[in-house]
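>>> how would this look folded up:
(2 chains)
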Amino acid sequence: MHVARRWAAILFVLVVPFVAGCGGRDRAQSISIKGSDTMVILGQKWSDEYMKAHPGAVVAITGGGSGTGIAQLINGTTDIAQSSRPMKDAEKQKAQEQGGGAVEEHAVARDGVTVYVHAANPVATISMEQLKGVYTGTITSWKDLGGPDRPIIVYSRENNSGTYVFFKEHVLGGADFVERAQTLPGTAAVVNAVTQDVNGIGYGGIAYSGGIKRLGILGVDGTPVDPTEETIRSGAYPLSRPLYWYVSAKAPPAAHALLAWVLSPEGQAHVTEVGYFPIR
Amino acid sequence: MPAPPLLARPVDHRRRRIDRLAEMAIAASALITVTGIVLIFVFVFREALPVLFDRETQLEANLAKFFSPGSWQPVSDVPKYSLLPLLIGSLKATLIAVLTAVPVAVLAALYTAEFAPRAIRELLKPVVELLAGIPSVVLGFFALIVLATGVQAVTGSPTRLNAFNAGLALGFSIIPVVYSVSEDALRAVPSSYREASLALGASAWQTAFRVTLPAAWAGIFAAVMLGLGRAVGETMIVLMASGNAAITSWSAFDSIRTMSATIAAELAEVVVGSPHYSTLFFIGSLLFAITFVLNVAAGLMVERMRRRLAGA
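The predicted structure is shown next:
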């Protein structure tokens, strides 16, 4: 009897905090956006401008990588996922099965994946074949690219990055990255590493490439194509790609209103301000 | 009619009730701590189970693959799940951390316990222990921006972020615990040991190195174990300072990818229940087991030392 009462009291102490912690969450007006690190600056710009123009709307935006955003969309913990790679069919199906409902896909901006090197590096262009060689490990010296006889230090992204997946598919043809490749969290970290490393090479969205040397990519006919607005919008730059928003059908109306605004001329005007290009 | 008891009953009753309540609150606190730890382990291990028992998961990730040579490429057309590069990475960083931090920490402890004047001792210990309060993300940031550049300038290593850089930064993070526990162990050596040694004509140095240090060895060993445990599990520093490339190599100047950093970098992205997910939890269980063994070993050593000194 006594022992039972004591245990009941202990149980009570244990349970109360949990019960007290539940309930009381209000997210009626807030829209959550998660995903691509490449697109964080873009989403941040949009949400700032949108909240300015629409008082009362609350947009919470975080990065983490395209894979993170998509996983959260599947798990139903975000309204909108930003992604720098298309969502796989298996993932769309998974989202439907997990009760998130159908997922809408919208291209919201254009980007060109840019190859960065140190400012003191004499190499100015690289072919797709050479780029693949560098990132799969068959080319290990700058000498093979017309530079000095120094080792190439390869910087890459974590495997939750959409840019990682895009690069793997479009440059490496699905092959694995060389083991030596150092994986860094976020494009900003890659840019930072390359600016500090004379022998470094890295890749990432064009919006991050201010103040760092970009390599031109040699086309099939041997003429170099620099990542510029023209070449990226026309698709002449081999690594140009769309950036996506994935919106869950179950997302609140506010999220759909935000999407409509982002695709409107007003929303698209802000794309150029952060360094990407409008979709149309 | 018997006389009433000298003490008024109600007071006695109330006090006893307060006592019992306090006792229950303390028991509940202890229970919360222990259940918390048990639940964490049960959860982590349960999520790792498919790797051991689920047929479908095992087609992609299984124990044989984990411990055979290969590479760590979990996101790939043909996923590769060798844990050896990660184990080697953790081992390299931890070894470098211990090799650089332990001599400094133990000698500092010896100085504080044996040679330092009282005023310095009372200043030194809290200051070193303050070092433990530096958030590891700050240490990692320092290693990423400042230390890496210095290390590269001195060693001429082609890779800026490497095992040595991460190990040095990890060393900073374990110095406080190794120092603090070693110092306690040295101070616990009865002064009769020192007095006997000095009386036999030994110098202060001889006494410190040949008498006090050996007498406290079990406690110092425990300090090293605790430092090892902290270094193996430390995440933020290695995530930022090591380059995170899963290479199977024993060179201290190659980049490494540790077990803890792998979990931190990849867990946010995996689809729940996938082989990759279970594998990350398996790595977590492995880390848990390693630190558990190290901590138990440290505890046993401290106990052993206490008993030996008490018996002396």
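>>> what segments of the stretch 151-300 of chain B are helices?
Counting by DSSP state H, counting those that start in this stretch, one finds helices in the stretch 151-300 of chain B at the ranges B:163-188, B:191-199, B:204-206, B:213-215, B:217-233, B:236-241, B:259-266, B:275-311.
>>> residue A:40: which of the ones you listed is closest?
Closest approach to residue A:40 among the helices of the stretch 151-300 of chain B is made by helix B:259-266 (17.1 Å; CB to CB). Using the backbone N, CA and C atoms, a C-beta is placed for each residue, glycine as well.
>>> does the closest one come close to chain A?
Yes: Helix B:259-266 reaches chain A (CB under 8 Å from any CB of the partner chain) through B:265-266.
>>> list the residue ranges of the stretch 151-300 of chain B that fall below the pLDDT cut-off.
Scanning the stretch 151-300 of chain B for pLDDT under 70 picks out the ranges B:269.
>>> what parts of it come near chain A?
The stretch 151-300 of chain B has residues B:158-161, B:239, B:243-248, B:254-255, B:257, B:265-266, B:268-272 near chain A, with proximity defined as CB under 8 Å from any CB.
>>> picking that back up, can you say which of the helices of the stretch 151-300 of chain B is packed in most?
Ranked by mean neighbour count under mean count of other CB atoms under 10 Å in any protein chain shown, the helices of the stretch 151-300 of chain B are led by helix B:236-241, which reaches a mean of 28.
>>> and that one, how far out from the chain's middle?
Centroid displacement of helix B:236-241 relative to its chain, using CA atoms, centre = their mean, to the nearest Å, is 15 Å.
>>> just stretch B:47-66 next, same as before
Using CA atoms, centre = their mean, the distance between the centre of stretch B:47-66 and that of its chain works out at 28 Å.
>>> enumerate the positions of that stretch that are buried.
For stretch B:47-66, burial by neighbour count (16 or more other CB atoms under 10 Å in any protein chain shown) applies to B:47-48, B:50-51, B:57-58, B:60-62, B:65-66.
>>> follow-up on the earlier one: distance to residue A:145 added to the helices of the stretch 151-300 of chain B, as JSON lines?
As requested, the helices of the stretch 151-300 of chain B are exported to JSON lines (distance: least, CB to CB, whole Å):
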{"stretch": "helix B:163-188", "distance to residue A:145": "27"}
{"stretch": "helix B:191-199", "distance to residue A:145": "67"}
{"stretch": "helix B:204-206", "distance to residue A:145": "60"}
{"stretch": "helix B:213-215", "distance to residue A:145": "57"}
{"stretch": "helix B:217-233", "distance to residue A:145": "39"}
{"stretch": "helix B:236-241", "distance to residue A:145": "29"}
{"stretch": "helix B:259-266", "distance to residue A:145": "29"}
{"stretch": "helix B:275-311", "distance to residue A:145": "34"}
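>>> residue A:112 is nearest to which of these?
Residue A:112 lies closest to helix B:259-266 among the helices of the stretch 151-300 of chain B, at 25.9 Å (CB to CB).
>>> residues making contact with the closest one?
A:158-160, A:183, A:185, B:72, B:74, B:83, B:86-87, B:89-90, B:232-236, B:238-239, B:242, B:244, B:246, B:276, B:280, B:283-284, B:286-287 (CB atoms under 8 Å, 6 or more residues apart in numbering or on different chains).
>>> show the contacting residues for residue B:166.
Residue B:166 sits next to B:93, B:96, B:143, B:237-238, B:241-242, B:256, B:258 when contact means CB under 8 Å, 6+ apart.
>>> hmm, try it at 10 Å
With CB atoms under 10 Å, 6 or more residues apart in numbering or on different chains as the criterion, the residues that contact residue B:166 are B:89, B:92-94, B:96-97, B:140, B:143-144, B:147-148, B:151, B:234, B:237-244, B:252, B:255-256, B:258, B:261.
>>> now the closest residue to it other than its chain neighbours. Its backbone dihedrals?
Distance criterion CB to CB, 6 or more residues apart in numbering or on different chains; nearest residue to residue B:166, sequence neighbours excluded, is residue B:242 at 3.8 Å. As for residue B:242, its main-chain torsions (degrees, to the nearest 10) stand at phi -100, psi -10.
>>> look up how far residue B:131 lies from the closest residue in space to residue B:62 that isn't next to it in sequence.
In space, and not counting its chain neighbours, residue B:62 is closest to residue B:51: 6.6 Å by CB to CB, 6+ apart. Distance check for residue B:51 against residue B:131: by CB to CB, to the nearest Å, it reads 38 Å.
>>> that'll do, ta.
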